[in-house]
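>>> Structure of the sequence below:
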Amino acid sequence: MQAFENFDKNELINRKNELSKEYENFKKQGLNLDMSRGKPCTEQLDLSNELFGDVNNLFSEDGTDCRNYGILDGITEAKKLFAELFDVNIDEIFIAGNSSLNLMYDLMAKAFNHGLNGFDKPWSKLEKIKFLCPSPGYDRHFAITQLFGVEMIIVPMNSNGPDIDMIEELVSQDETIKGMWAIPMYSNPSGITYSDEIVIRLANMKTKAPDFTVFWDNAYALHHLYDTPQDQLLSLIKECHKAGNSNRTYMFGSTSKVTFPGAGVAFMASSKENINYLKKQISIQTIGYDKINMLLHTRFLKNVATVSEHMKKHAAILRPKFEAVHEILDRRLSDKGIASWNKPNGGYFISLNVLNGCAKRTVSLAKEAGVVLTNAGATFPYGIDPKDSNIRIAPTFPPLSELRTAIEVLAVCVELAALEKVLAV
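Numbering: from 1, shown residues only. As a prediction, this is how the structure comes out:
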């Protein structure tokens with residue numbers, strides 16, 4: 001559908017005038033609404049207040065005193081819980097601090113400075129390094145890659161995951177392509193879960209670089225919006241084992257949006273060989289991570305069933321917010337040919353695609369009206385969206401009433417920006 005194809009020019013001008021009045025009314029309200037990051041709301045954080053229950057007994061199940069030094073890769077009960085939650089073996093997981101992003105950064109640094117298991121030489125010793133970046137994607141992944149001077153290659157996202165044909169062709173021909181980012185379940189921001197076919201082909205594909213590494217950021221694996229999860233994700237670690245490429249991937253995750261951001265528990269998982277190799281490197285940089293926090297978390301979260309019930313409480317808070325965004329966008333923007341958006345079954349974001357060349361203008365108009373969104377372009381490498389069309393909506397943090405107002409403003413801005421572009425032609 002073409003933009004506003006059912007309207008003549010006079011109708012478009014009249015519509016623009018109507019929207020301009022509505023926009024000015026929003027500006028007069030002095031709004032100050034922030035949807036720039038995907039943060040849990042206060043009600044979600046309150047769900048985990050009982051985590052600090054028994055602080056008089058800080059011994060783990062094997063008798064380890066969690067107040068003292070030791071246990072580099074995490075206490076036993078934490079390893080058992082996260083291994084079960086993320087479908088890996090207990091000797092394939094490393095429990096660390098609170099931040100999975102920190103683990104990703106640290107792994108990239110190790111790959112550059114010292115090399116990882118199976119590397120011929122550290123990446124810093126090579127003339128050129130490239131990474132595949134499924135886009136739209138996570139701005140912090142791209143920031144890490146850019147900081148290390150890695151050339152980023154955009155891989156388009158399809159409805160079942162990244163363009164796997166393009167990935168297979170590129171990695172089979174170019175030895176300088178050393179890795180790939182992936183948010184495989186409820187991707188940030190598109191909400192897409194990788195299909196079984198995509199996972200299997202990633203595990204089996206032939207790569208020119210023997211040290212090709214998939215950074216598998218499984219941040220939203222537990223974050224379903226519905227009590228009966230509609231999306232399922234195949235284990236890349238297991239598929240890599242089957243394919244004879246056991247050392248190809250590292251998976252990351254945390255409880256940052258399960259319990260407390262900044263005070264949760266993070267983990268990294270890979271082949272047993274990769275984890276053992278990393279332990280030797282990490283033992284030089286730390287004696288151990290926060291075992292008290294691990295202990296409190298495992299006592300609170302207990303097991304897979306308890307975690308599932310806990311996450312249903314999160315979903316009950318978030319589902320009305322996502323549904324409100326869909327309802328407003330459907331009502332205001334459907335069938336105009338100027339916008340499309342996903343309706344994810346989980347995760348933290350909604351990906352809005354506006355008329356090409358209008359994302360920056362839309363975000364700017366919204367900011368002038370008091371609604372702060374993630375910067376246009378942030379979901380692409382180098383902060384440059386080739387089509388200037390993608391906007392990430394983060395509906396989780398604002399109260400529902402404020403969120404509804406913010407999306408009403410956003411919808412007005414989307415249409416105004418599109419009208420400005422169409423009428424300028």
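
>>> all helices in the chain, in order from the N-terminus.
9-28, 42-46, 76-85, 100-113, 139-147, 164-173, 196-204, 236-243, 272-285, 291-301, 304-333, 359-368, 400-424 (DSSP state H).

>>> what's Leu416 in contact with, if anything?
Lys16, Leu19, Ser20, Tyr23, Thr362, Leu365 (CB atoms under 8 Å, 6 or more residues apart in numbering). (C-beta placed from N, C-alpha, C; glycine too.)

>>> how about the helices of the chain in JSON lines, adding mean pLDDT?
Shown next, in JSON lines, are the helices of the chain (pLDDT from 0 to 100):
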{"stretch": "helix 9-28", "mean pLDDT": "94"}
{"stretch": "helix 42-46", "mean pLDDT": "93"}
{"stretch": "helix 76-85", "mean pLDDT": "97"}
{"stretch": "helix 100-113", "mean pLDDT": "98"}
{"stretch": "helix 139-147", "mean pLDDT": "98"}
{"stretch": "helix 164-173", "mean pLDDT": "98"}
{"stretch": "helix 196-204", "mean pLDDT": "98"}
{"stretch": "helix 236-243", "mean pLDDT": "98"}
{"stretch": "helix 272-285", "mean pLDDT": "97"}
{"stretch": "helix 291-301", "mean pLDDT": "96"}
{"stretch": "helix 304-333", "mean pLDDT": "97"}
{"stretch": "helix 359-368", "mean pLDDT": "98"}
{"stretch": "helix 400-424", "mean pLDDT": "96"}
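
>>> quick one: which of these is nearest Asn345?
Proximity to Asn345 (CB to CB) singles out helix 304-333 among the helices of the chain, at 9.6 Å.

>>> Okay, buried residues for that closest one please.
Residues of helix 304-333 classed as buried by neighbour count (16 or more other CB atoms under 10 Å): 307, 310-311, 314-315, 317-318, 321-322, 324-326, 328-329, 332-333.

>>> wait, which of these is closest to Gly30?
Nearest to Gly30 among those: Ile328, at 21.0 Å, using CB to CB.

>>> what's near enough to touch the closest one?
Listed by CB under 8 Å, 6+ apart, the contact partners of Ile328 are Arg404, Ile407, Glu408, Ala411.

>>> With Phe215 instead?
Met104, Leu107, Met108, His141, Gly179, Met180, Trp181, Ala182, Thr249, Tyr250, Phe252.

>>> Not counting sequence-adjacent ones, nearest residue to the last one?
The shortest distance from Phe252 to any residue that is not its chain neighbour, by CB to CB, 6 or more residues apart in numbering, is 4.2 Å, and that residue is Ser100.

>>> okay, now the one you found: neighbour count?
Using other CB atoms under 10 Å as the criterion, Ser100 is surrounded by 23 other residues.

>>> That one and Thr259, how far apart?
Note on Ser100: its distance to Thr259, by CB to CB, to the nearest Å, is 13 Å.

>>> can I see the domain layout of the protein?
9-44+308-424, 57-302 (automatic domain parsing).

>>> out of these, nearest to Glu50?
That would be domain 57-302 among the domains of the chain, by CB to CB, at 6.5 Å.

>>> where's the closest one relative to the chain centroid, distance-wise?
Its chain's average C-alpha position is 12 Å from that of domain 57-302, according to CA atoms, centre = their mean, to the nearest Å.

>>> And for stretch 394-410?
Stretch 394-410 sits 20 Å away from the centroid of its parent chain (CA atoms, centre = their mean).

>>> Next: stretch 6-17.
With CA atoms, centre = their mean, you get 39 Å for stretch 6-17.

>>> what's in contact with it?
Phe4, Glu415, Leu416, Leu419, Glu420, Val422, Leu423.

>>> Same list, those, but as CSV with distance to Phe119 please.
Below are the contacts of stretch 6-17 laid out as CSV (distance: CB to CB, whole Å):
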residue, distance to Phe119
Phe4, 54
Glu415, 51
Leu416, 52
Leu419, 54
Glu420, 51
Val422, 52
Leu423, 56
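
>>> Let me know the closest of those residues to Tyr186.
Glu415 (27.9 Å).

>>> got the contact list for that closest one?
Per CB under 8 Å, 6+ apart, neighbours of Glu415: Arg15, Leu19, Arg332, Leu333, Lys336, Ile338.

>>> For Thr396, see how far away Ala418 is.
27 Å.

>>> And those two? Which one has more around it.
Ala418 (26 against 23).

>>> How about the contacts made by that one?
Applying CB under 8 Å, 6+ apart, the residues near Ala418 are Ala3, Phe4, Lys336, Ile338, Ala339, Val354, Leu355, Cys358.

>>> how far away is Met251 from Gln281?
Met251 is 18 Å from Gln281, by CB to CB.

>>> Mind checking which of those two has more residues around it?
A direct count of neighbours by other CB under 10 Å for Met251 and Gln281 places Met251 higher, at 25 against 16.

>>> Please name the residues that touch that one.
By CB under 8 Å, 6+ apart, the neighbours of Met251 are Phe86, Val88, Trp216, Asp217, Asn218, Leu236, Ile237, Met268, Ala269, Ser270.

>>> can we see that at 7 Å?
Phe86, Trp216, Asn218, Ile237, Ala269, Ser270 (CB atoms under 7 Å, 6 or more residues apart in numbering).

>>> wait, doesn't the fourth one sit right on Phe86?
Meaning Ile237. No - between Ile237 and Phe86 there is no contact under CB atoms under 7 Å: 8.7 Å.

>>> any shared contact partners between these two?
With CB under 7 Å, 6+ apart, Ile237 and Phe86 have common neighbours Met251, Ala269.

>>> The two - which one has more neighbours?
Ile237 (25 against 20).

>>> Once you drop chain neighbours, what's closest to the more buried one?
Using CB to CB, 6+ apart, the nearest residue to Ile237 is Val88, at 5.7 Å.

>>> Can you tell me how far the one you found is from Leu33?
From Val88 over to Leu33 (counting by CB to CB), the distance is 40 Å.

>>> picking that back up, and which of the contacts of Leu416 is nearest to Cys66?
After measuring the contacts of Leu416 against Cys66 - CB to CB - the closest member comes out as Thr362, at 49.4 Å.

>>> list the contacts for the closest one?
Val354, Ile391, Cys413, Val414, Ala417.

>>> same thing but 6 Å
The neighbours of Thr362, taking CB atoms under 6 Å, 6 or more residues apart in numbering as the test, are Val354, Cys413, Val414, Ala417.
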